[in-house]
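[1] here is a sequence together with a model predicted from it:
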Amino acid sequence: MTRKAKRLLVIALGVAALLIFLLPQAASAEAPATQAAFTQYPHIVDVKFVEQYAVLPASGKAVIVDSRPKARKYDKGHLPTAISIPDRQFDQFTQLLPEDKSTLVMFYCGGLKCPKSHNSAFKAEKLGYTNLKVFATGYPAWIKAGNPGAVSTEYVKKLVDTKGAVIVDARPKARKYDKGHIPTAISIPDRQFDQHIAELPADKATPLVFYCGGMKCPLSDKSARKAMALGYTNVKTYPQGYPAWVKAYGAGESAAAAAPVANAGSALEAGKEEGTITIASFERILKDEPASILVVDVRSPVEYKAGSFKGAVNIPIDNLEKNVEELAADKPIVFICNSGGLSGEAHDMVKLLRPELTTYFIDAEITFNQDGTYKIVPLVG
């Protein structure tokens, strides 16, 4: 073999040795891009599935858990109805999970690259929960689908203190807002939203936060979606609403004092606010004299069919004005909804259109169960 041939053979062997050394290193460097960085939970749901449960009024049919850090993520934006159980503090907050371990529980976090929701689902499975799902695309997918995010009570307080957003009270003005609202909030009742568009900021990038009467009240979500349809790009809701604000920080600002109401007499006992009756007298009438009053449920047909008081008729608030002449005048009428917002508005509407009728409403949070039972809780504030 010539000297030149020997030199070429040495070079070839050197290159081969170098390739043998480098190729495994390159494969190792590319591995993270092709292999999962964490174990995914097997039961995955998409945004359409989650939209059935992240609704207001809260359905109570599922528990949605935000696995992200509370202060940095959850407080600033989360799914409506979601509770905060950060994955890193999971063991400290297991008491927030439902007692019934067959309840549908859905975990989510920051998207496909986020392992927190998967980790939490595996932890819940070890605790014995049997109906677990992971919304793997998480909060980014919720927003991308055109849904408003929700903010916490603590975050609203920061916005109030810093004037960092326009806060909008979607409840009826005279009956609710004037008697108590979150400081700095403006009043744009949901049913008069189109009449008050000019009161929204001209800059459609301005942060907006809508609230109403709590988790049973749909007005804030409705108004938020109307604002988004107008092109506002930074819209949130505060689902816990005014009751949670009062519980955390005390009564808000008021524009008018509530007028005293005389006792209605008979079995009806007037509440503190004009047009209301006490919970005790309402429940007593339902039990002993149900035929002596007409109970009108002004929620949507879907909500009504899911549960209402026995004997109640359904006239959705949007249809009430055109059906007002059909209301009987031979007995008192009691309007009901989930939180007192719509029912109070119904009372006011009928008083204007047919003042001769005797009407009342229940100013409380009402939860209807599938077995026909119910729970009435007085509103805070």
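    Structure received. Residues are numbered from 1 along each chain as shown.
[2] quick one: low-confidence parts of the stretch 201-350 of the chain?
    Counting by pLDDT under 70, the stretch 201-350 of the chain contains low-confidence ranges at 254-267.
[3] which residues in this protein form helices?
    3-34, 47-51, 116-126, 138-144, 153-162, 219-229, 241-249, 279-288, 301-306, 317-323, 341-353 (DSSP state H).
[4] to residue 205, which of these lies closest?
    helix 219-229 (12.2 Å; Cβ to Cβ). Heads up, the C-betas are built off the backbone N, CA and C, glycines and all.
[5] if we can go back for a sec, Throw the helices of the chain into CSV and include mean neighbour count and distance to residue 85, thanks.
    CSV is the format used below for the helices of the chain (neighbours: other Cβ atoms under 10 Å; distance: least, Cβ to Cβ, whole Å):
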stretch, mean neighbour count, distance to residue 85
helix 3-34, 9, 28
helix 47-51, 15, 17
helix 116-126, 20, 7
helix 138-144, 18, 15
helix 153-162, 16, 16
helix 219-229, 22, 23
helix 241-249, 20, 18
helix 279-288, 16, 33
helix 301-306, 14, 27
helix 317-323, 14, 35
helix 341-353, 22, 29
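[6] tell me which of those sits nearest to residue 334.
    Nearest of the helices of the chain (Cβ to Cβ): helix 279-288, 6.6 Å.
[7] now find how far off-centre that closest one is within its chain.
    30 Å (Cα atoms, centre = their mean, to the nearest Å).
[8] from residue 276, how far out is residue 355?
    18 Å (Cβ to Cβ, to the nearest Å).
[9] ok, these two, which is more surrounded?
    Neighbours were counted for residue 355 and for residue 276 using other Cβ atoms under 10 Å; residue 276 has more, 24 against 8.
[10] for residue 379, see how far away that one is.
    11 Å.
[11] now list whatever residues contact both of the two.
    residue 363 (Cβ atoms under 8 Å, 6 or more residues apart in numbering).
[12] hmm, back to that, in JSON lines: the helices of the chain, plus distance to residue 189.
    Converted to JSON lines, these look like this (distance: least, Cβ to Cβ, whole Å):
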{"stretch": "helix 3-34", "distance to residue 189": "53"}
{"stretch": "helix 47-51", "distance to residue 189": "26"}
{"stretch": "helix 116-126", "distance to residue 189": "37"}
{"stretch": "helix 138-144", "distance to residue 189": "26"}
{"stretch": "helix 153-162", "distance to residue 189": "19"}
{"stretch": "helix 219-229", "distance to residue 189": "8"}
{"stretch": "helix 241-249", "distance to residue 189": "14"}
{"stretch": "helix 279-288", "distance to residue 189": "25"}
{"stretch": "helix 301-306", "distance to residue 189": "20"}
{"stretch": "helix 317-323", "distance to residue 189": "12"}
{"stretch": "helix 341-353", "distance to residue 189": "8"}
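[13] and residue 218, how many neighbours does it have?
    25.
[14] let me see the contact set for it.
    56, 57, 212, 338.
[15] can you tell me how far residue 135 is from residue 106?
    Taken as Cβ to Cβ, the span from residue 135 to residue 106 is 6 Å.
[16] so what sits against both of these two?
    Joint contacts of residue 135 and residue 106 (Cβ under 8 Å, 6+ apart) are 45, 50, 64.
[17] how much space between the last one and residue 194?
    Counting by Cβ to Cβ, the gap between residue 64 and residue 194 amounts to 31 Å.
[18] surely residue 165 and residue 205 touch.
    No. Using Cβ atoms under 8 Å, residue 165 is not in contact with residue 205, being 11.5 Å away.
[19] so between these two, which is more surrounded?
    residue 165 (21 against 10).
[20] what sits against that one?
    159, 206, 207, 208, 209, 236.
[21] list the contacts of the second one.
    So that's residue 206. 165, 166, 232, 234.
[22] could you turn the buried ones of these into a PyMOL selection?
    In PyMOL, this line selects whichever of the contacts of residue 206 come out buried by 16 or more other Cβ atoms under 10 Å:
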select buried, resi 165+166+232+234
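[23] and the two most separated of the contacts of residue 206?
    Farthest pair in the contacts of residue 206, by Cβ to Cβ: 165 and 232, 11.4 Å.
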